[in-house]
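S.K.: test case, fold it:
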Amino acid sequence: MEDRKDDAIQKWHETGNAAIASIDDLVVLDDFVKFMASKPLDSEVRINKLADNSKYLGVGTIERLLDELFYGIWEISDYKTEVVANEITGIMTLRVFHPVAKTWLSRVGVGAVQIRCKKGEPPGLGSKFVNALVADYPHLKAECLKNAAKSLGNIFGRNLNRQEDVKYIETLHDKMDIPVELMDELAVEIEVAVNSQQIKTLYDRQKPEHKRNYQFKAMFMDKIRELKAMGNE
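M.R.: Numbering: from 1, shown residues only. Next up, the predicted model:
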């Protein structure tokens with residue numbers, strides 16, 4: 001479903017909390033997204049010496065991460081291929097079930113691989129090596145899957161070869177100004193809270209437009225984490 005809307009995320013931006021009903025949900029979702037925004041392990045990163053030493057993750061790593069992070073609840077749909085001269089191009093939709101937001105997310109992936117042909121002959125299916133597509137077709141599928149998975153987060157290799165690495169907090173930080181007096185007042189109330197229920201009650205009283213500001217939400221989420229670590233539920 002290529003045009004599917006990610007309902008939970010859409011409502012999030014419209015109302016400030018929406019499908020994620022409580023500050024507890026926000027903390028869990030925030031932790032999950034931060035983990036998705038983390039870099040892959042050095043041991044998972046490969047180097048393509050034939051492409052200016054570009055970095056990438058193997059398809060086995062991608063499939064393992066999909067299984068681990070989404071508990072195996074993911075699928076590929078709308079996979080289409082086309083032969084163009086001596087290349088095969090492909091497009092597919094990767095769908096994952098978000099374990100926190102409880103909704104399906106869709107990401108489109110594209111790719112292209114060369115059909116291995118005999119040297120000196122015009123490119124095309126007539127000049128390809130015998131059984132070349134036995135390897136080239138699965139290669140294309142793997143490239144499309146890797147391309148789709150990248151858009152889920154850095155952990156899938158999204159920013160491995162980019163000059164600028166946009167941080168998670170920068171992408172979610174709303175530019176709307178919140179009165180300094182309000183921030184200072186809330187900081188004091190949050191600091192003296194002795195259990196997470198007090199934080200939840202305080203958060204519920206805030207204006208929806210303020211809840212769209214990531215820094216604003218972070219004050220509450222950080223205190224929730226601190227109190228839970230101390231056992232003060």
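
S.K.: flag every buried residue along the longest helix belonging to the chain.
M.R.: Looking across the chain with DSSP state H, the single longest helix is helix 132-150. Of the residues in helix 132-150, 132-133, 136, 139-150 count as buried by neighbour count, 16 or more other CB atoms under 10 Å. For the C-beta atoms, the positions are set from N, CA and C on the backbone; glycine is no exception.

S.K.: against which helices or strands is that helix packed?
M.R.: helix 59-69, strand 74-84, strand 87-97, strand 104-114 (3 or more CB pairs under 8 Å, 6 or more residues apart in numbering; DSSP states H and E).

S.K.: next, the residue positioned nearest the centre of the chain: phi, psi?
M.R.: Centroid-nearest residue in the chain: L152, 2.3 Å away (criterion: CA atoms, centre = their mean). Backbone torsions for L152, taken as degrees, to the nearest 10, come to phi -80, psi -20.

S.K.: and it, how far is that from N161?
M.R.: 17 Å (CB to CB, to the nearest Å).

S.K.: next one: K217
M.R.: Taking CB to CB, one finds K217 at 32 Å from N161.

S.K.: which one's more surrounded, those two?
M.R.: K217 (22 against 13; other CB atoms under 10 Å).

S.K.: tell me the contacts of the more buried one?
M.R.: I23, L26, D30, K211 (CB atoms under 8 Å, 6 or more residues apart in numbering).

S.K.: count of residues packed around the nearest residue to the first one once chain neighbours are set aside?
M.R.: Right, the one you point to is I23. With sequence-adjacent residues excluded and distances taken as CB to CB, 6 or more residues apart in numbering, I23 is closest to Y203, at 4.5 Å. By the criterion of other CB under 10 Å, Y203 has 24 neighbours.

S.K.: may I see the buried residues of the helix or strand hosting Y203?
M.R.: Y203 is part of helix 196-204 when elements are defined by DSSP states H and E. Applying a neighbour-count criterion of 16+ other CB under 10 Å, one finds S196, Q198, I199, K200, L202, Y203 buried in helix 196-204.
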